[in-house]
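Participant: sequence? don't have it. structure:
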């Protein structure tokens, strides 16, 4: 019997949080499934580079557009294109037209994944999207979310019944983050004697508010006054704005933007402090990876972050979403090596106890396998 064929519908397949998880699942499932992948944005397919060679996965071209005016003609075309698959996986609102097509015209079992919101819904969800989700999501066998905040949205705002909503926390292979990284794992970074590195992993997008992190680092550096650098790993359209903010703050010579780097286990341990400045997150896997590497964290208070961190680290979550508040948390960590070590150890233990990749893999394998075989 041949392996089930799974259709993945993404608004973009560049390597962000949800894409990284999808790739990890593909690699872990191996030959148990075949995968066909659609990216609504041509060329935004960087995550394919992380799919293992033994996995049967290919990008589709010529697939009906996922975005645009949701006419019956386009929705019918989407339904027809989905019909011959064993399972359809849709991701975030950018694939919601495919969910609606399944609602109107039928099709194979469908699992919809929601991982968070973009800048345009940073403060509140758009009423038109809420209504569209309410209308489309009854076609999904499951709505999968990684966080308690999104579970609340699915059940209370989008009005999905409890039996349709499944929360599966993101997990990682924590053991891979234990060995110390090579000193040259981040191009352009050579740590000087006593130099601290504040680092983050993020797409350079507005919702990540990385200029806030630059200003927070500048604020903290004035207090700390020792040698320190800020490293932001990632790519995206906000790069020039980040660099301009660094020049204005007088820290351009301390900022390193090495671009995208695969496999965070190889380099995140070079950071001394992990920082997160986002306006919106749900369950940031980069935070969990940093915790697994034994790092303390200074973050904004968004999504499930306070619940993810160890109890010892939670006081370093900025109470207000401004650069000085985040900067004060950074300064406290930069000036206290014992505090960094204590919080880092507590974070590492928290990941080992709560966010093991094996639990995540088992939950997704059971869900996908059960529906594909139905």
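Facilitator: Perfect, thanks for sending it. Here the structure is a predicted model, which means the values were calculated and not measured.

Participant: and after the helix ranked longest in the chain, which helix or strand comes next?
Facilitator: For the chain, the longest helix by residue count, based on DSSP state H, is helix 337-354. Next in sequence after helix 337-354, counting helices and strands by DSSP states H and E, comes helix 357-372.

Participant: just the strands in the stretch 51-200 of the chain please.
Facilitator: Taking DSSP state E, counting those that start in this stretch, the strands of the stretch 51-200 of the chain run over residues 57-59, 87-91, 110-113, 142-145, 165-167, 196-201.

Participant: Need the ones you listed in JSON lines (columns: mean pLDDT and mean neighbour count).
Facilitator: No exception for glycine: its C-beta is placed from N, CA and C like everyone else's. Formatted as JSON lines, the strands of the stretch 51-200 of the chain follow (pLDDT from 0 to 100; neighbours: other C-beta atoms under 10 Å):
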{"stretch": "strand 57-59", "mean pLDDT": "95", "mean neighbour count": "15"}
{"stretch": "strand 87-91", "mean pLDDT": "98", "mean neighbour count": "26"}
{"stretch": "strand 110-113", "mean pLDDT": "98", "mean neighbour count": "25"}
{"stretch": "strand 142-145", "mean pLDDT": "97", "mean neighbour count": "24"}
{"stretch": "strand 165-167", "mean pLDDT": "96", "mean neighbour count": "18"}
{"stretch": "strand 196-201", "mean pLDDT": "97", "mean neighbour count": "23"}
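
Participant: May I see those strands organised as TSV, with distance to residue 131 added?
Facilitator: As requested, the strands of the stretch 51-200 of the chain are exported to TSV (distance: least, C-beta to C-beta, whole Å):
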stretch	distance to residue 131
strand 57-59	32
strand 87-91	18
strand 110-113	16
strand 142-145	16
strand 165-167	18
strand 196-201	35
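
Participant: circling back to that earlier point, report the angle between the axes of the longest helix of the chain and strand 196-201?
Facilitator: 30 degrees (axes from the mean of the first three to the mean of the last three C-alpha atoms, to 10 degrees).

Participant: Now do helix 337-354: which elements does it pack against?
Facilitator: Packing contacts for helix 337-354, counted by 3 or more C-beta pairs under 8 Å, 6 or more residues apart in numbering; DSSP states H and E, involve helix 285-292, helix 323-334.

Participant: Next, the angle helix 323-334 makes with it.
Facilitator: Using the same axes, to 10 degrees: helix 337-354 against helix 323-334 is 100 degrees.
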